[in-house]
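Colleague: Everything below, folded, please.
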Amino acid sequence: MYGPMSRLVNVRDILSALAILVAAIAAAWLVRYVLVALGRKAAKKTVTGVGGLLFRALGMPLFIGTILAGVYFGLVCLPWNVAVELWLQKGFYVALAAVGVYAALSVANTLLRWYGQEIAVTTKTTLDDKLLTVLRVGVPIVGGLLGVLLLLRIVGVQHPALNAWLGEHGVRIAIIVVLSLLAFFATSRGLPRVIKSMVRGGMVGQPEEEVAKRSDTLAGVLVATGQVVIIAVAILMLMSELDIQIAPILAGVGVAGIAIGFGAQSLVKDVITGLFIVMEGQYRVGDVVRIADISGLVEGINLRRTVLRDLDGIVHFVPNGEIRVASNFTKEYSRVNLNVSVAYGTNLDHAITVVNRVGLELANDPEWKPFILKPPQVLRVDNLAESGIDIKILGDTKPIKQWDIMGQLRKRIKEAFDAEGIEIPYPHTKVYFGGSPSGISTTTAHGKGRQVGCNGSVEDRGSTERAG
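Modeller: The predicted model follows:
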């Protein structure tokens, strides 16, 4: 008797086993190298890099699987008896199944990580992040349980009732989960593109910024709604497969909906108002608006509330039902509306010529030209104020660029006025020590001021002061 061997082991058997093992190790390293190279190549060809991530995720499982195959076939070359060969075969199948489960979980984890880094960050909803959190925990648990069941089945440990249930419902549950996830991710990835294409077709001739704002706003609302519907339908179908009666649940939801409708009328009002805001395109994500006496940049819109961020960085959550009037500062185009004051002693024609020249120079500047639709020009003499003459300047800019343009315009007008000797009025005070020569009037071009006499009295003056 040779124990576990069917005959004596010779040198040829040992060399054959070692040769197969060495070949398997070499093949494993070669497979790993090829997968890494293919991953780098795929990462360069694709925008998202998902191909490279998948190749890297499969690298280690295939490496381990190739070595296991080499160990198994190397051992099989030895003259084992039938019982040992059966145990070796069963052990190889168990190890191979474990590697397969590991490979599937690696691919699933890679896809989830890719989705979270590349797609979820671009969507306007938080459902992606919440679902990814659930999947990151649930997928390893479910995959591990299925792997354990598979391993038990391979080694001959079976539970007839469980196998029957899995055979009847397991496949349908898996199909429901897979199709629901595909629909969920397709909604997040594909629906925004479809919406943008449709919006672009309906806004022919509109600036690309307007198309982007409109499509982003609609995509944020419709994607969130579609994701909620998909999750709700998937949960109801899974409950049905788990033999949970959904009719009482639906009836309870209906009753609760009626109660909520009566008790949460403000919520219903928010949703209805939000629906009209989105469908009418009153404002979009990226617009600067004033709603409910709050001004700021629109960072998010859904059917219930609008999120604004003001210049102080404060985020305001405004229920849509509280919006009576919505003022949009950046819809289609924006406007420079600026008043510049000059002293009463200024030649108005000369001042207007200088302002118009500065506006044209700004509009022709390569740095600012792309943002100016109509050069800033003098509209009229707007007001004869107490301390100076107000000149109104108007011009059209691309959305949200009016404040940048007005800041640059003020700077250039100040520099041009200094160069031309045109004075901008400002409050000032003149102090006289002793008396001024009688009958001499002093005229100031600076606007409103105050005269302080030698007796300590102070007298406010307008644009012309007379000391005597």
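Colleague: helices and strands of the protein: which one bottoms out on pLDDT?
Modeller: Across the helices and strands of the chain, mean pLDDT, DSSP states H and E gives its lowest value to strand 464-466, namely a mean of 39.
Colleague: Just the pLDDT for S441.
Modeller: For S441, the pLDDT comes out at 45.
Colleague: Hmm, I typed the wrong one, I wanted N339.
Modeller: 93.
Colleague: repeat for the one 5 residues further on
Modeller: Predicted confidence (pLDDT) at Y344: the value is 89.
Colleague: Could you double-check that it sits in contact with G388?
Modeller: Yes: counting by CB atoms under 8 Å, G388 is a contact partner of Y344 at 6.6 Å. C-betas here are computed from N, CA, C, even on glycine.
Colleague: higher neighbour count, the two?
Modeller: G388 (24 against 20; other CB atoms under 10 Å).
Colleague: Low-confidence ranges, the stretch 51-200 of the chain, go.
Modeller: Within the stretch 51-200 of the chain, the segments meeting pLDDT under 70 span 51-52, 80, 118-129, 155, 157-158, 162-163, 166.
Colleague: Just the helices from it, written as ranges.
Modeller: Using DSSP state H, counting those that start in this stretch, the helices found in the stretch 51-200 of the chain span residues 82-118, 127-155, 160-165, 171-202.
Colleague: Including distance to K269, could those helices go into CSV?
Modeller: Formatted as CSV, these follow (distance: least, CB to CB, whole Å):
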stretch, distance to K269
helix 82-118, 35
helix 127-155, 24
helix 160-165, 48
helix 171-202, 26
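Colleague: Now mean neighbour count and distance to V31 too, for those helices, in JSON lines please.
Modeller: Output for these, formatted as JSON lines (neighbours: other CB atoms under 10 Å; distance: least, CB to CB, whole Å):
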{"stretch": "helix 82-118", "mean neighbour count": "16", "distance to V31": "13"}
{"stretch": "helix 127-155", "mean neighbour count": "15", "distance to V31": "23"}
{"stretch": "helix 160-165", "mean neighbour count": "10", "distance to V31": "35"}
{"stretch": "helix 171-202", "mean neighbour count": "15", "distance to V31": "28"}
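Colleague: contacting residues around V307?
Modeller: For V307, the contact set (CB atoms under 8 Å, 6 or more residues apart in numbering) comprises 298-301, 315-318.
Colleague: Buried ones from those, can you make that a PyMOL selection?
Modeller: Applying 16 or more other CB atoms under 10 Å to the contacts of V307, the buried members can be selected in PyMOL as follows:
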select buried, resi 298+300+301+316+318
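Colleague: Save the contacts of V307 as TSV, and put in pLDDT too.
Modeller: Below are these laid out as TSV (pLDDT from 0 to 100):
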residue	pLDDT
V298	91
E299	89
G300	86
I301	87
V315	93
H316	94
F317	93
V318	92
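Colleague: Out of the contacts of V307, the closest to V71 would be?
Modeller: Checking these against V71 with CB to CB, the nearest one is G300 at 56.1 Å.
Colleague: Check the contact between that closest one and G220; I expect there is one.
Modeller: Yes: using CB under 8 Å, G300 is in contact with G220, at 7.0 Å.
Colleague: related to what we said a few turns ago, among the contacts of V307, which one lies nearest to V178?
Modeller: G300 (30.9 Å).
Colleague: partners of the strand ranked longest in the chain, with directions?
Modeller: Identified as the longest strand of the chain according to DSSP state E is strand 372-384. Strand pairing for strand 372-384, determined by DSSP bridges: strand 389-397 (antiparallel).
Colleague: which parts of the partner strand are buried?
Modeller: So, applying 16+ other CB under 10 Å, buried residues of strand 389-397: 389, 391, 393-397.
Colleague: now stretch 69-82
Modeller: 69-80.
Colleague: Farthest pair within these?
Modeller: Top of the distance list for those (CB to CB): A69 and P79, 20.0 Å.
Colleague: What segments of the stretch 201-350 of the chain are helices?
Modeller: Taking DSSP H, counting those that start in this stretch to define them, one finds helices in the stretch 201-350 of the chain at 208-241, 247-263, 265-280, 348-364.
Colleague: model confidence over the first one, on average?
Modeller: When the per-residue pLDDT values of helix 208-241 are averaged, the result is 81.
Colleague: Check the offset of it from the chain's centre.
Modeller: Relative to its parent chain, helix 208-241 has a centroid offset of 15 Å by CA atoms, centre = their mean, to the nearest Å.
Colleague: do the same with stretch 194-211
Modeller: 19 Å.
Colleague: Take it, keep the C-alpha atoms, and write them as CSV.
Modeller: Extracted in CSV, the C-alpha atoms of stretch 194-211 (Å, rounded to 0.1, in the frame of the first residue of the first chain):
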residue,chain,number,x,y,z
VAL,A,194,-31.3,63.7,-23.5
ILE,A,195,-32.7,66.8,-21.7
LYS,A,196,-29.8,68.9,-22.9
SER,A,197,-30.4,67.8,-26.5
MET,A,198,-34.1,68.5,-26.3
VAL,A,199,-33.5,71.9,-24.7
ARG,A,200,-30.9,72.8,-27.3
GLY,A,201,-33.4,72.0,-30.0
GLY,A,202,-36.0,74.2,-28.4
MET,A,203,-33.7,77.1,-27.7
VAL,A,204,-32.1,77.5,-31.2
GLY,A,205,-30.2,80.8,-31.3
GLN,A,206,-29.9,81.2,-27.6
PRO,A,207,-26.5,81.5,-25.9
GLU,A,208,-24.9,78.2,-24.8
GLU,A,209,-24.9,79.5,-21.2
GLU,A,210,-28.7,79.8,-21.3
VAL,A,211,-29.0,76.3,-22.7
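Colleague: what's in contact with it?
Modeller: 212, 214-215, 218-219, 222, 286, 331-332, 398-399.
Colleague: re earlier: which of the buried residues of stretch 69-82 lies closest to M239?
Modeller: Comparing the buried residues of stretch 69-82 against M239 with CB to CB places A69 closest, at 42.6 Å.
Colleague: Look up which helix or strand the residue lying closest to the closest one once chain neighbours are set aside falls in, please.
Modeller: Leaving aside its chain neighbours, A69 sits nearest to A24 (6.1 Å; criterion: CB to CB, 6 or more residues apart in numbering). Assigned by DSSP states H and E, A24 falls within helix 11-45.
Colleague: That helix packs against which elements?
Modeller: helix 50-76 (3 or more CB pairs under 8 Å, 6 or more residues apart in numbering; DSSP states H and E).
Colleague: in the helix it packs on, what counts as buried?
Modeller: In helix 50-76, residues buried by neighbour count (16+ other CB under 10 Å) are 50-59, 61-76.
Colleague: Likewise for stretch 365-379?
Modeller: 368, 371-372, 375-378.
Colleague: can you tell me the distance between the two ends of it?
Modeller: 22 Å (CA to CA, to the nearest Å).
Colleague: what stretches of the stretch 301-450 of the chain score poorly on pLDDT?
Modeller: By pLDDT under 70, the weakly predicted segments of the stretch 301-450 of the chain are 428-450.
Colleague: returning to that earlier point: quick one, which of the helices of the stretch 201-350 of the chain gets closest to G100.
Modeller: Here helix 208-241 is closest among the helices of the stretch 201-350 of the chain (CB to CB), at 25.1 Å.
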